[in-house]
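>>> could you look at this predicted model? Sequence included:
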Amino acid sequence: MTAAENVCYTLINVTNDSEPPSEVSLKADLEKGEIKAKTEALKKVIIMILNGEKLPGLLMTIIRFVLPLQDHTIKKLLLVFWEIVPKTTPDGKLLQEMILVCDAYRKDLQHPNEFIRGSTLRFLCKLKESELLEPLMPAIRACLEHRHSYVRRNAVLAIYTIYRNFEHLIPDAPELIHDFLVNEKDASCKRNAFMMLIHADQDRALDYLSTCIDQVHTFGDILQLVIVELIYKVCHANPSERARFIRCIYNLLQSSSPAVKYEAAGTLVTLSSAPTAIKAAAQCYIDLIIKESDNNVKLIVLDRLIELKEHPTHERVLQDLVMDILRVLTTPDLEVRKKTLQLALDLVSSRNVEELVIVLKKEVIKTNNVTEHEDTDKYRQLLVRTLHSCSVRFPDMAANVIPVLMEFLSDTNEAIQRFDNLRPLIIEKMLEVFHAVKTVKIYRGALWILGEYCSTKEDIQSVMTEVRRSLGEIPIVENELKKESGDVKPEEEVTAAPAPKLVTEMGTYVTQSALSTSRPSKKEEDRPPLRGFLMDGDFYVAASLATTLTKVALRYVALAEDKKRQNSFVAEAMLIMATVLHLGKSSLPKKQITDDDVDRISLCLKVLSECSPLMNDIFNKECRRSLSHMLAVRLEEEKLSQKKESEKRNVTVQADDPISFMQLTAKNEITSKEDQFQLSLLAAMGNTQRKEAADPLASKLNKVTQLTGFSDPVYAEAYVHVNQYDIVLDVLVVNQTSDTLQNCTLELATLGDLKLVEKPSPLTLAPHDFANIKANVKVASTENGIIFGNIVYDVSGAASDRNCVVLSDIHIDIMDYIQPASCTDAEFRQMWAEFEWENKVTVNTNITDLAEYLQHILNSTNMKCLTPEKALSGICGFMAANLYARSIFGEDALANVSIEKPIHMGPDAPVNGHIRIRAKSQGMALSLGDKINLSQKKSVS
């Protein structure tokens, strides 16, 4: 039992600025001082002993003048003093003075005050000398019958520790504790006693549990947790016992304590794979997520549900609970909602997809009625994306999902391409909501859809009408100048919506005038949406508009027979593009139009002026073909990843594998399986075993850093162990001289976002002796850090100043904190635009192949390539790829690799180009750039 073997010692904070007092002054304070002075002197003595001082002359003084005192603070300090003071002579025999101490503690164990009794019993758990404990055994046994529960529960712990370390002192401990447990009423005492029986005599623990198995649900939660642990251990070691205890675990699922329910559900899953057991455990997990307020708890329990889903047989059971899982969406935390939606999407089947879509549609409607918040918008996007995935996976649901997607227009382009039969509905809905779009990104999406899929004359004319309505009166520059000069009064401005052309039954046009009088409070607010975007300087939407108008104009020319109508429509489209170009070149918008947008609009104008069949083919056919190809590739990739996932989950059994019969399995084979309680304990302590290299010794030796030279008087080397949020330095210090080194201190300092937790204690090193010093360093963010310092020491008997050995720097690698991650193209672009720190690294390598260089960078930086493999395949003179990673602190790192192979320099020419790194923090961008610079060149073996 590793949990109870390691005794938790008292941690003492030491002030660094205080000078160590002399032994004479301490002796005077301890002998003649007041209670307060004695307390302070005793604290100083404890600190000095912790720092390596021996102080043997004070031992008898403390026994004579401090030990008899009845002050509670002094008694507490004395417990710490006797814990750390050396109790044996150099040859290993117990000091004679300790007999007096033993007698004092026998009296304390009979003290009327329960605090003194209890704290003395706790202190006895830390003693490792059986000679000191032997005279105290009768008093410890007597404490089991004390009236106060604090004394009784500490007496149980003391008996357990003594029984484990020195069984001969109390051989009947299990029987004694079993009798105590039967008659005990206090929950904490029963828990400690039961815990001891689990580890000391499991059969007695099972006997006791058998007598009260029907009353388990009435016990306190601390005892229930221990019972769950016992049942797990027993069934883990002896599976034939499962039937005996499984009903008890079912009962504990109804416990009032969330911790008990969580552990019971986890144990039930490991003991039984029956559908009823899995369903009960999953239901318990879902209830915990809904009822617990702490988001961390919700995420942990959600992870357990996701683990359940990984098992193929369990997945079928969880599919029936999808609607229950969706109840978790009531949680306001975005991360919890994200995981829940992903889990629901993974579990959805044709049986429950309809219900899932109904719930998600309701959630979308709810987000419209909530006050706008950053998370609300992100949650709405998550919901829409989930609905979109449902429509793609289950085409029958598309008709229900598309109207909801229409309101947000985020993922409609894929849906409209895949579902031909729904295109008229989508176009109709799009034209209805087009004028109400207020977001530029959605507006661009809507323009693209209308330009790509409007195929009738009526729809094309409606698109033109909506564009004119959204643009306002043209020419824009003249209209805006009139407004500024006051020719058009903003208080009573008459905005003329472009006259929609309506077709009568006879095929003639009638014009319907639409005049609206508005009294806006602000000039900006009365602008139509598209004009507002352009006045704000967003001309990317203008380029999108030009492409849309070109597509619909070319299509209209093909559809309309009348040459006059063709020319009229094309002229109107060209007028809109020209007025937008004019506006972009003027000083009216907040930002000038970019050269790229000017080129795009000019190209569209040229295409419309010529109307060549080739251009018509490119705009209206080739673009659609490229989209179909892209979606087909994406679908193929999704299917491939799903296939890989299912292959990973399916447990394949070979035909010639031996069949394992549980009844015939040797006991040691069963117990060799991993103990879940032990694994979770190790994870909590941060001791999870990482996957080492093929040779674990070699991988550990790679992390050893030499700090001093072999000829230095003190040799030092450090093993750097990187945990999640801290670094443990295990420093080996070797005295290479023939002198005794006193006050040998490791002094460390850090550079970067690292912080030294505590100052290592001084040591005394005998000639040619060695010692290990541990130092903890906290890590706060992802950037390269340096730990530097020195070792200072005094030579015994020398009158010179302190000696100092300077240590080599320890460089902390950023790669220990960076993990590959994935994100969508839209998220990548958004982060790329938002992140303010950029580091441009020039490629300088000896690698001659583009794909090999990219793979080398991925391996060196722990980043993931977001660019699909098909886009990178083939032989070409250049390559561009997007990379993404996330640190364990939640920081994002983006990189764009743009490389080429100069053909003119021959086949052996190295790759050149550059890598642009973007991150939120400067440290992350610089550190990642340094890492790439250091590892660009391939080592020649």
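Now that the structure is in, tell me what you want to look at.

>>> helices or strands up against the strand or helix carrying residue 391?
Under the criterion of DSSP states H and E, residue 391 resides in helix 374-393. Secondary-structure packing of helix 374-393 (3 or more C-beta pairs under 8 Å, 6 or more residues apart in numbering; DSSP states H and E): helix 334-347, helix 353-369, helix 398-408, helix 412-418. All C-beta spots, glycine's among them, are computed from the backbone N, C-alpha and C.

>>> how about that helix: buried residues?
Buried residues in helix 374-393, defined by neighbour count with 16 or more other C-beta atoms under 10 Å: 376, 379-392.

>>> tell me how many other residues surround residue 299.
14 (other C-beta atoms under 10 Å).

>>> residue contacts, it?
Neighbour list for residue 299: 335-336, 339 [criterion: C-beta atoms under 8 Å, 6 or more residues apart in numbering].

>>> of the buried residues of helix 374-393, closest to residue 291?
residue 379 (21.2 Å; C-beta to C-beta).

>>> quick check: that closest one touching residue 333?
No. Residue 379 is beyond contact range of residue 333, at 9.9 Å (criterion: C-beta atoms under 8 Å).

>>> now do residue 459, the pLDDT please.
Residue 459 is assigned a predicted lDDT (pLDDT) of 80.

>>> show me what contacts it?
Taking C-beta under 8 Å, 6+ apart as the test, what residue 459 contacts is 427, 431.

>>> against residue 577, how distant is the residue nearest to residue 471 when sequence neighbours are not counted?
With C-beta to C-beta, 6 or more residues apart in numbering as the criterion, residue 471 has its nearest non-adjacent residue at 4.9 Å, and that residue is residue 530. In this view, residue 530 and residue 577 are 13 Å apart by C-beta to C-beta, to the nearest Å.

>>> neighbour-wise, which of the two wins?
residue 530 (27 against 21).

>>> just checking, what packs against the host helix or strand of that one?
According to DSSP H and E, residue 530 maps onto helix 529-535. Contacts defined by 3+ C-beta pairs under 8 Å, 6+ apart place helix 529-535 against helix 440-453, helix 457-471, helix 476-485, helix 540-559, helix 563-585.

>>> tabulate these (CSV), appending distance to residue 884.
Converted to CSV, these look like this (distance: least, C-beta to C-beta, whole Å):
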stretch, distance to residue 884
helix 440-453, 21
helix 457-471, 36
helix 476-485, 40
helix 540-559, 24
helix 563-585, 34
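
>>> for residue 729, which of those is the nearest?
It is, among those and with distance given as C-beta to C-beta, helix 440-453, at 49.2 Å.

>>> from residue 605, how far off is residue 145?
Residue 145 is 100 Å from residue 605, by C-beta to C-beta.

>>> outside of the helix or strand that contains residue 288, which residues touch it?
Secondary structure assignment for residue 288, by DSSP H and E: helix 275-291. For helix 275-291, contacts defined as C-beta under 8 Å, 6+ apart pick out 246, 250, 253, 258, 261-262, 264-266, 268-269, 271-272, 297-298, 301-302, 304-305, 308, 313-314, 316-318, 320-321, 324-325, 327-328, 330-331, 336.

>>> what inclination does that helix have with respect to helix 334-347?
160 degrees (axes from the mean of the first three to the mean of the last three C-alpha atoms, to 10 degrees).

>>> what mean pLDDT does helix 275-291 get?
Rounded mean pLDDT across helix 275-291 is 88.

>>> can you list the buried residues in that helix?
For helix 275-291, by 16+ other C-beta under 10 Å, it's 277-278, 280-282, 284-289.

>>> now that helix - C-alpha only, CSV.
Listed next in CSV are the C-alpha coordinates belonging to helix 275-291 (Å, rounded to 0.1, in the frame of the first residue of the first chain):
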residue,chain,number,x,y,z
PRO,A,275,-25.4,-3.5,-20.5
THR,A,276,-27.4,-2.8,-17.4
ALA,A,277,-24.2,-2.1,-15.4
ILE,A,278,-22.8,0.2,-18.1
LYS,A,279,-26.1,2.0,-18.4
ALA,A,280,-26.4,2.5,-14.6
ALA,A,281,-22.8,3.8,-14.4
ALA,A,282,-23.3,6.2,-17.4
GLN,A,283,-26.5,7.5,-15.9
CYS,A,284,-24.7,8.1,-12.7
TYR,A,285,-21.9,10.0,-14.5
ILE,A,286,-24.5,12.2,-16.4
ASP,A,287,-26.3,13.0,-13.1
LEU,A,288,-23.0,14.0,-11.5
ILE,A,289,-22.1,16.3,-14.5
ILE,A,290,-25.5,18.1,-14.2
LYS,A,291,-25.6,18.4,-10.4
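
>>> of all the residues in the helix or strand that contains residue 101, which ones are buried?
Element membership for residue 101 (DSSP H and E) is helix 98-108. For helix 98-108, the neighbour count (16+ other C-beta under 10 Å) marks 98, 101-102, 105, 108 as buried.

>>> how far away is the residue lying closest to residue 313 once chain neighbours are set aside from residue 347?
Leaving aside its chain neighbours, residue 313 sits nearest to residue 273 (6.4 Å; criterion: C-beta to C-beta, 6+ apart). Computed as C-beta to C-beta, the residue 273 to residue 347 distance reads 18 Å.

>>> next one: residue 750
Counting by C-beta to C-beta - residue 750 and residue 347 are separated by 47 Å.

>>> equivalent analysis for residue 51, please.
Taking C-beta to C-beta, one finds residue 51 at 59 Å from residue 347.
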